[in-house]
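Asks: Let me see the structure of the following:
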Amino acid sequence: MSKERPTVGTDGQPLPILPPTRDARVWARLVRVMFYTPGFLALLLLKAGEPTSFGITVELLMLASTAAVVGGLFIGAESDSGGADHSSRVGVWSGALVLELLAVVPFICAVPSLFHELANSTLLHARAPGAIDTSLGASELVPAMALMPFMLYQLAGFGTLNYVVAKPVNWGINLTILGAVVASYIANRMANYGVERAIVGLLVLGMGATVLYGVLQLKRMQADYDRRCPHKEEK
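Replies: Residues are numbered from 1 along each chain as shown. Down below sits the predicted model:
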């Protein structure tokens with residue numbers, strides 16, 4: 001079993017609460033999944049055409065795929081050897097933050113609209129003569145249920161963001177994500193593509209700003225922890 005981290009620094013003040021140690025191999029596997037899956041779906045939509053309704057969805061999927069590569073760079077920078085610095089000690093945490101907010105969030109945002117677009121695409125499946133146009137109804141919301149475990153992951157303390165910002169801010173950010181995903185799906189269903197693009201644009205900008213702040217904050221917290229952490233006694 002790993003030893004508990006010190007909670008009080010050499011100056012008598014509380015040390016920063018850092019995220020727990022995470023297995024870089026698991027996150028590296030997630031990088032591969034988040035690179036290939038959204039990228040393949042984006043190529044499928046580009047092949048299908050219909051840029052009016054597919055445009056923003058393709059952009060979200062490509063963002064998710066590209067952000068996974070960037071997350072992999074952070075994870076690959078992780079080092080716990082003697083030559084490690086403050087940045088290399090937060091590589092996995094920073095990569096996790098990139099994957100959570102710039103890969104998973106755009107992917108979840110794209111999937112409900114993607115399902116609706118594929119189900120109603122006249123290019124992917126032409127209607128047979130005399131066929132009755134049957135709406136999928138509420139079943140189109142099935143892919144959106146991925147939002148629920150993601151919200152649980154974020155708000156129950158599993159997410160990396162939970163260690164970077166205060167709890168009320170964490171709740172505010174994640175409820176904003178939930179609202180933006182729902183609003184963008186409604187705008188897509190109503191063919192208000194301009195509104196959808198504006199909502200998604202604000203969501204992506206917000207996630208980018210949050211990741212920027214989070215990575216810098218993690219590095220600052222690690223530097224503060226290393227500076228004030230009591231030295232271990234040599235055996």
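
Asks: make it CA atoms for all contacts and neighbour counts henceforth
Replies: OK.

Asks: ok, Glu196 to Trp93 distance?
Replies: Noted for Glu196: a distance of 31 Å to Trp93, by C-alpha to C-alpha, to the nearest Å.

Asks: I meant to write Glu59 there.
Replies: From Glu59 to Trp93 the distance is 26 Å (C-alpha to C-alpha).

Asks: rewinding a little: and Glu196 and Trp93? Which one has more around it.
Replies: Using other C-alpha atoms under 10 Å, the more surrounded residue of Glu196 and Trp93 is Trp93, with 29 against 22.

Asks: Okay, that one and Leu114: tell me how far apart.
Replies: For Trp93, the distance to Leu114 - C-alpha to C-alpha - is 30 Å.

Asks: How are the helices of the chain distributed by residue range?
Replies: For the chain, the helices defined by DSSP state H occupy 24-48, 51-76, 91-98, 105-120, 147-155, 167-189, 193-228.

Asks: The helix-or-strand element of the chain with minimal mean pLDDT to helix 91-98, inter-axis angle?
Replies: The weakest-scoring helix or strand in the chain, judged by mean pLDDT, DSSP states H and E, is helix 105-120 (a mean of 80). If you take axes from the mean of the first three to the mean of the last three C-alpha atoms, to 10 degrees, helix 105-120 sits at 40 degrees to helix 91-98.

Asks: Pull out the buried residues from helix 105-120.
Replies: The neighbour-count criterion (16 or more other C-alpha atoms under 10 Å) identifies 105-117, 120 as the buried residues of helix 105-120.

Asks: just checking, what packs against that helix?
Replies: Using 3 or more C-alpha pairs under 8 Å, 6 or more residues apart in numbering; DSSP states H and E, the elements in contact with helix 105-120 are helix 51-76, helix 167-189.

Asks: and the longest one, what does it pack onto?
Replies: It refers to helix 51-76. Using 3+ C-alpha pairs under 8 Å, 6+ apart, helix 51-76 sits against helix 24-48, helix 91-98, helix 105-120, helix 193-228.
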